[in-house]
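> Sequence first, predicted model second:
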Amino acid sequence: MLQWLSGRSNNEQQRQNMLRAIPVQNPQVERTVLADGRLILRGQTRLNGWQRLMGGRSALRQFEIDALGDWVWRHCQGDMTVEELVRGFGSQHAVNLREAEIAVVSFLNMLVKRNVVAFVVGREKSSSGRRRRKRS
């Protein structure tokens with residue numbers, strides 16, 4: 001009922017929450033540039049519940065990314081929201097905001113599933129422009 005009163009749908013609320021999230025690189029993931037210019041991210045995979053229960057161990061996985069993916073990866077430093085990243089990507093690569101949002105959010109979701117990036121929520125900019133945690 002509160003959603004109805006606020007006039008926002010659940011999907012729009014989820015979208016807004018995603019755009020306010022702050023992507024942060026997994027510090028255990030390493031980025032390598034190969035001699036031919038290809039970019040590789042290497043990191044440990046995340047085990048699901050059954051794999052952990054059966055005593056499975058995470059494996060080292062690597063992912064090849066293109067130059068656009070590398071731009072997004074390099075900007076996941078914990079100092080920009082997804083919305084700021086989308087705007088920067090759009091202006092840097094001359095695409096409209098909707099296309100930039102779809103591309104960046106899809107790529108970030110893939111990186112989260114592969115345990116390469118995590119989202120920080122509930123932080124706001126301080127007066128110095130740096131991010132700080134909200135106090136509850």
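Here it is on my side, so go on.
> the helices in this structure, which residues?
Taking DSSP state H as the criterion, the chain carries its helices at 2-6, 10-20, 49-53, 67-74, 82-92, 97-113.
> what would these look like in a markdown table with distance to Leu41, mean neighbour count and mean pLDDT?
Bear in mind the C-beta positions are built from the backbone N, C-alpha and C, glycine included. Converted to a markdown table, the helices of the chain look like this (distance: least, CB to CB, whole Å; neighbours: other CB atoms under 10 Å; pLDDT from 0 to 100):
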| stretch | distance to Leu41 | mean neighbour count | mean pLDDT |
| --- | --- | --- | --- |
| helix 2-6 | 38 | 8 | 48 |
| helix 10-20 | 22 | 13 | 91 |
| helix 49-53 | 21 | 10 | 65 |
| helix 67-74 | 7 | 16 | 94 |
| helix 82-92 | 17 | 18 | 97 |
| helix 97-113 | 8 | 16 | 95 |
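> nearest to Asp36, of those?
Taking CB to CB, helix 67-74 is the member of the helices of the chain nearest to Asp36, at 13.0 Å.
> ok, residues contacting the closest one?
25, 31, 39, 41, 65, 85, 89, 92-93, 103-104, 107-108, 111, 116-117 (CB atoms under 8 Å, 6 or more residues apart in numbering).
> now the helices of the chain in JSON lines, with distance to Arg61?
Output for the helices of the chain, formatted as JSON lines (distance: least, CB to CB, whole Å):
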{"stretch": "helix 2-6", "distance to Arg61": "39"}
{"stretch": "helix 10-20", "distance to Arg61": "25"}
{"stretch": "helix 49-53", "distance to Arg61": "14"}
{"stretch": "helix 67-74", "distance to Arg61": "15"}
{"stretch": "helix 82-92", "distance to Arg61": "24"}
{"stretch": "helix 97-113", "distance to Arg61": "12"}
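> quick one: which of the ones you listed is nearest Gly122?
Nearest to Gly122, of the helices of the chain and by CB to CB, is helix 10-20 at 9.0 Å.
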